[in-house]
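In: Need coordinates for the following:
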Amino acid sequence: MTISDRIFQVLEEKNISQKDFSILTGIPQSTVSDWRKKGTNPAADRIMIICKVLEVSPEWLLSGIQADGTRGNQLDWFVIDRKSEVGQLIETYNKLKNNQRIRLLAYLEGILGK
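Out: Below you'll find the model as predicted:
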């Protein structure tokens with residue numbers, strides 16, 4: 001994963017648009033767009049402001065390694081094949097009304113003995 005890949009990953013996670021990122025960092029929007037289109041990385045003199053705005057460490061942004069020595073961030077999401085059993089469960093769950101979801105979750109907690 002490149003520096004620009006990590007930047008766009010965090011922008012997506014934090015729901016920050018490229019335009020807002022440009023405003024917050026003072027980096028022209030065309031430059032940010034070029035990182036994605038051309039696969040280039042930001043200049044060294046921009047790293048610290050990027051880290052400040054994204055609330056990440058320079059170590060992580062540059063290398064993907066956390067200060068504690070672990071590689072990458074723990075993701076808060078999963079990638080699941082829609083055709084798998086879990087994918088089918090999610091598809092069905094998303095079709096439920098809110099009160100049905102609440103009942104289903106309570107039932108699952110009951111099965112687990114919580």
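In: how near is residue 12 to residue 113?
Out: Distance from residue 12 to residue 113, counting by CB to CB, to the nearest Å: 37 Å. No exception for glycine: its C-beta is placed from N, CA and C like everyone else's.
In: ok, these two, which is more surrounded?
Out: Neighbour totals were compared for residue 12 and residue 113, and residue 12 leads with 9 against 5 (other CB atoms under 10 Å).
In: Please put the alpha-carbon coordinates of the host helix or strand of the more buried one into PDB.
Out: Secondary structure assigned from DSSP states H and E places residue 12 in helix 3-13. As requested, C-alpha coordinates have been extracted for helix 3-13 and formatted as PDB (Å, rounded to 0.1, in the frame of the first residue of the first chain):
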ATOM      1  CA  ILE A   3       1.300   6.700   1.000                       C
ATOM      2  CA  SER A   4      -1.500   8.000  -1.200                       C
ATOM      3  CA  ASP A   5      -3.400   4.700  -0.700                       C
ATOM      4  CA  ARG A   6      -3.300   5.200   3.000                       C
ATOM      5  CA  ILE A   7      -4.400   8.800   2.700                       C
ATOM      6  CA  PHE A   8      -7.500   7.800   0.600                       C
ATOM      7  CA  GLN A   9      -8.200   4.900   3.000                       C
ATOM      8  CA  VAL A  10      -8.400   7.400   6.000                       C
ATOM      9  CA  LEU A  11     -10.400   9.900   4.000                       C
ATOM     10  CA  GLU A  12     -12.900   7.200   3.200                       C
ATOM     11  CA  GLU A  13     -13.000   6.000   6.900                       C
END
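In: Residue 40: neighbouring residues, count only.
Out: Residue 40 sits with 13 neighbouring residues when counted by other CB under 10 Å.
In: Enumerate every residue touching it.
Out: Residue 40 makes contact with 4, 34 under the criterion CB atoms under 8 Å, 6 or more residues apart in numbering.
In: The same query, at a cut-off of 10 Å, please.
Out: Under the criterion of CB atoms under 10 Å, 6 or more residues apart in numbering, the neighbours of residue 40 are 2-4, 31, 34.
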